[in-house]
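In: below are the sequence and a predicted model; questions follow.
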Amino acid sequence: MAAGFGSLLRECPLLLPQNQEKSVYEGFVTAQGIDFHIRILLPVDLQLKNARIQCSWQLKKVLSGYQQILKQRLQRSVDLVSFMVELKTVLEAALKNAREFQSPALPPLQHYSGLIRDIETLGWNKVVFVDPSFTTIKLKAEDSCGRHHQITLKLNPKSSLLSIHRQFLAALESLKAFWNALDEIDEKTWVLEPEKPTRSATMRRIAIGNNVSINVEVDPRHPNMPPECFFLGPDHVVNPLKIKLNSNIHMWDPEVSLLQNLKEVLEMDFPSREALDKSDFSMDCGICYAYRLDGAIPDQVCDDSRCGQPFHQACLYEWLRGLPSSRQSYNVIFGECPYCNKQITLKMSLKKA
């Protein structure tokens, strides 16, 4: 090579030879404070024009569109040092045009002073968290019913904290009726699922009686309108409830609460958890004897009115599959209940209508 290793070390201190012949160089080339991995393989005659260059994917991405220029510079360079100078020149130009490698400009000072004024107007007691760069802030708020909420914001110079907070409060107020409806259900019934509902949860599975429950999916924008409902339990109990729901749905009154409407159309009172605890109510699986199994609760029951034993779908499937007398047709398995030996059917679906 025309230039010695010392010249290369001064130009690219992080690019080092990997063998005594100095035919393999590996390390980093630096431009605009960014280090990019590179590996250069020279042929036996050390002719630069026949060299192979291996780059990291980051360097390839930056230099995409510059391959032809680099190939020409490689052919014309007299030694490795001169080529690395050319490479760094092209790399500097490429980085200036690559937006993702440009440091984002900091917001003007007025942005921070305005943000502080907005926080002082809101009150620092409403701030849960703010990062050192003032780009992420978490605020808390209380709706008109006394429920507590939090919102996390990613701010930019065009954001108005006061405007966002007003929109947040307006959104909370628009969901007040939805949360009122579900809070009443949570307070006055036994909710089987979700076990610890969040404010975003729109579904409630409510216990009706021994091994019988109703799944209710509520529309947050129209919480007092008829929700999507389906029942879980033995057919001899569930079918009359379905008939009542279909027959009485015309009685639904949007001016009345969701729970009260459900009571009216189903012609029943929902038992509380305390009342069911004092009875012989049980939702434990008759096979594994547990209530929850991998997050699931029993959703299959024996349809015999004298039995009605609940099971996890997975447990019942394994039980029926192990019976010599069981049979399967498509997604339905037929067999005998492990408690009463009566015919039991398992439909292999997540929910039972």
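Out: Perfect, I can see it now.

In: Asp284 against Arg292, yeah?
Out: No - the pair Asp284 / Arg292 is not scored as a contact, 9.7 Å apart, by CB atoms under 8 Å. C-beta coordinates here come from the backbone N, C-alpha and C atoms, glycine included.

In: show me where the stretch 251-353 of the chain has strands.
Out: Listed in chain order, the strands of the stretch 251-353 of the chain (DSSP state E, counting those that start in this stretch) span 300-301, 310-311, 327-329, 332-336, 343-347.

In: these into CSV, with extra columns for mean neighbour count, distance to Leu161 and mean pLDDT?
Out: Formatted as CSV, the strands of the stretch 251-353 of the chain follow (neighbours: other CB atoms under 10 Å; distance: least, CB to CB, whole Å; pLDDT from 0 to 100):
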stretch, mean neighbour count, distance to Leu161, mean pLDDT
strand 300-301, 26, 52, 82
strand 310-311, 26, 51, 84
strand 327-329, 10, 61, 79
strand 332-336, 17, 58, 86
strand 343-347, 17, 53, 82
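
In: turn those into a markdown table, columns for distance to Pro197.
Out: Formatted as a markdown table, the strands of the stretch 251-353 of the chain follow (distance: least, CB to CB, whole Å):
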| stretch | distance to Pro197 |
| --- | --- |
| strand 300-301 | 23 |
| strand 310-311 | 22 |
| strand 327-329 | 36 |
| strand 332-336 | 33 |
| strand 343-347 | 27 |
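
In: in contact with Gly295, which residues?
Out: Contacts for Gly295 (CB atoms under 8 Å, 6 or more residues apart in numbering) come out as none.

In: which helix or strand in the chain has the lowest average pLDDT?
Out: None of the helices or strands of the chain scores lower by mean pLDDT, DSSP states H and E than helix 273-278, at a mean of 65.

In: OK, contacts around the nearest residue to Leu323 once chain neighbours are set aside?
Out: The shortest distance from Leu323 to any non-neighbouring residue, by CB to CB, 6 or more residues apart in numbering, is to Gly335 (4.9 Å). Counting by CB under 8 Å, 6+ apart, Gly335 touches 319-320, 323, 325-327, 343-344, 346.

In: quick one: low-confidence parts of the stretch 101-250 of the chain?
Out: Across the stretch 101-250 of the chain, residues meeting the criterion (pLDDT under 70) sit at 101-106.

In: common neighbours of Asp284 and Arg292, please.
Out: In contact with both Asp284 and Arg292: no residue, using CB under 8 Å, 6+ apart.

In: let me know the closest of the contacts of Gly335 to Lys60.
Out: Of all the contacts of Gly335, Leu346 has the smallest distance to Lys60: 55.0 Å, by CB to CB.

In: shouldn't the closest one be in contact with Leu316?
Out: Yes - between Leu346 and Leu316 a contact is recorded at 5.3 Å, counting by CB under 8 Å.

In: overlap of the contact sets of these two?
Out: Common neighbours of Leu346 and Leu316, using CB under 8 Å, 6+ apart, are Gln300.

In: from Gln313, how far out is the closest residue to Thr136 other than its chain neighbours?
Out: Spatial nearest neighbour of Thr136, excluding adjacent residues (CB to CB, 6+ apart): Lys154 at 5.9 Å. Look at Lys154 and Gln313: by CB to CB, to the nearest Å, they are 42 Å apart.

In: between those two, who's got more neighbours?
Out: Using other CB atoms under 10 Å as the criterion, Lys154 and Gln313 rank with Gln313 on top: 20 against 8.

In: quick one, what contacts the more buried one?
Out: Counting by CB under 8 Å, 6+ apart, Gln313 makes contact with 296, 299-300, 346, 348.

In: what pLDDT does the model give it?
Out: Looking at Gln313, its pLDDT reads 86.

In: Leu41 now?
Out: Reading off the model, Leu41 has pLDDT 91.

In: surely Leu232 touches Ser213?
Out: Yes - here Leu232 reaches Ser213: they are 5.0 Å apart, a contact under CB under 8 Å.

In: common neighbours of those two, please.
Out: Common neighbours of Leu232 and Ser213 (criterion: CB under 8 Å, 6+ apart): Arg205.

In: more neighbours, the two?
Out: Ser213 (25 against 22).

In: let me know the secondary structure of that one.
Out: strand (DSSP: H, G, I helix; E, B strand; the rest coil).

In: that one and Gly233 touch, don't they?
Out: Yes - look at Ser213 against Gly233 with CB under 8 Å: they come within range, at 6.6 Å.

In: domain ranges for this structure?
Out: 5-101, 109-174, 176-277, 282-353 (automatic domain parsing).

In: in this protein, where's the longest helix?
Out: Longest helix of the chain, by residue count under DSSP state H: helix 80-97.
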